[in-house]
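**Q** Test case, fold it:
(one chain, ligands or ions: 2)
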Amino acid sequence: MAQTIVEAIDVWKDFEPVEVLRGVSFALAKGETLVVMGGSGSGKTVLLRLVAGLIRPDAGQIRVFDHAIERLSEEDLLLFRRRMGFVFQGAALFDSLSVYENVAYPLREHTSLGEAEIRERVVRNLSLVGLGSEVLGLRPAELSGGMKKRVGIARALSVEPEVLLFDEPTGGLDPTNAKLVGELIRELRAGVCDTAIVVTHDIELAKAVADRVAVLIAGRFATLGPVAAVLETTDTAVQAFLAGEAR
Ligand SMILES: Nc1ncnc2c1ncn2[C@@H]1O[C@H](COP(=O)(O)OP(=O)(O)OP(=O)(O)O)[C@@H](O)[C@H]1O
Ligand SMILES: [Mg+2]
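**A** Residues are numbered from 1 along each chain as shown. Ligands and ions are numbered 1, 2, ... in the order given. I've put the predicted structure just below:
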């Protein structure tokens, strides 16, 4: 049995008055990519934030690297967070910082590396996502949408994470760039980080990267299984969601 990297056990979370998650459970094994799909506002980002320990569940348990994290202090949480790479929805780069400083940011936060090592890692991580050192001095406003996503991924790779959490990595991209980001996620998996949760409503991306797909509907996983099985589901709510996304 592969090691379990992330486990959610009957997780509930509301933001008054909205019950966002109403009993979500799953286990992510080392080496696996789980894709979480669901409509806008269904709670996908909330779920990723729970896994990263950025917010706490109202009930249920989140286990990361075999430790329950829902009651840890901020200080202890940091130790777990630095083992995870979070690729935020819409890249969420710091507009006033250069690409170099954006990618270096987690290294300055979480490590005591010297400038030479930081530079080496920044350049290496940018090259892993297909960007050369000519972008180092650029600001986010000077990048295309696809480049911003790549910089966001490079930043998440800085800490050499054991699991990557992607929030809508192809959101807002044209089909060609979306496909390239899908290929990049597959390459990363074969190289620097083999385990991931990918939140998306892009069915093509799900097909390209998923071992298993979950569909979040009304606060629960309406289905969780291999891509082919989910695409052929007889669950009418999941069918309706997939038909809507396909259009
Ligand atoms: N910090 C917060 N305070 C209050 N409500 C919140 C907060 N974070 C999320 N919510 C609510 O939780 C629900 C789920 O939000 P979430 O961002 O997880 O949706 P999503 O599935 O990621 O949507 P999208 O596909 O548009 O990104 C929404 O109703 C949202 O308004
Ligand atoms: Mg979201």
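
**Q** L72: neighbouring residues, count only.
**A** Number of residues near L72 (other C-beta atoms under 10 Å) recorded here: 17. Where you see a C-beta, it was placed from the backbone N, CA and C, and this is true even at glycine.

**Q** Over to the one 10 residues further on?
**A** R82 is surrounded by 17 other residues when neighbours are defined as other C-beta under 10 Å.

**Q** tell me which element the residue in the chain positioned nearest to ligand 2 is part of?
**A** Nearest residue of the chain to ligand 2 (C-beta to the ion) works out as T45 at 3.2 Å. Element membership of T45, judged by DSSP states H and E, is helix 44-51.

**Q** who does whatever helix or strand comes next after that helix touch, helix- and strand-wise?
**A** Proceeding N to C from helix 44-51, the next assigned helix or strand is strand 59-64, under DSSP H and E. For strand 59-64, the packing partners by 3 or more C-beta pairs under 8 Å, 6 or more residues apart in numbering; DSSP states H and E come out as strand 4-15, strand 18-29, helix 44-51.

**Q** what pairs with strand 59-64, and is each one parallel or antiparallel?
**A** Partner strands for strand 59-64, per DSSP bridges, with pairing direction: strand 4-15 (antiparallel), strand 67-68 (antiparallel).

**Q** What residues of that strand count as buried?
**A** Residues of strand 59-64 classed as buried by neighbour count (16 or more other C-beta atoms under 10 Å): 60, 62-64.

**Q** And stretch 208-218, by the same measure?
**A** Using 16+ other C-beta under 10 Å as the test for burial, stretch 208-218 gives 208-217.

**Q** next one: stretch 138-154
**A** Neighbour-count burial for stretch 138-154 flags 138, 140, 143, 146-154 (criterion: 16+ other C-beta under 10 Å).

**Q** So what touches it?
**A** Outside stretch 138-154, the residues that touch it by C-beta atoms under 8 Å, 6 or more residues apart in numbering are 87-88, 91-99, 102-103, 122, 125-126, 128-131, 135, 166, 169-170, 172-173, 177, 180-181, 184, 188.

**Q** Keep only those of the residues you listed that are in strands.
**A** If you go by DSSP state E, those have 87, 166 in strands.

**Q** quick one: contacts for H201?
**A** 37-40, 168, 245.

**Q** Most neighbours out of those, which is it?
**A** When neighbours are taken as other C-beta under 10 Å, the top entry among the contacts of H201 is M37 (28 neighbours).

**Q** thought that residue was touching T200?
**A** Yes. M37 is within contact range of T200, at 6.4 Å (criterion: C-beta atoms under 8 Å).

**Q** between the two, what contacts are shared?
**A** Common neighbours of M37 and T200 (C-beta under 8 Å, 6+ apart) are A206.

**Q** Which residues of the chain lie near ligand 2?
**A** Taking C-beta under 5 Å from the ion, the part of the chain that reaches ligand 2 is made up of 45, 89.

**Q** any chance you could map the helices in the chain?
**A** Assigned by DSSP state H, the chain shows helices spanning 44-51, 74-81, 99-110, 115-128, 145-157, 175-190, 203-209, 227-231, 236-246.
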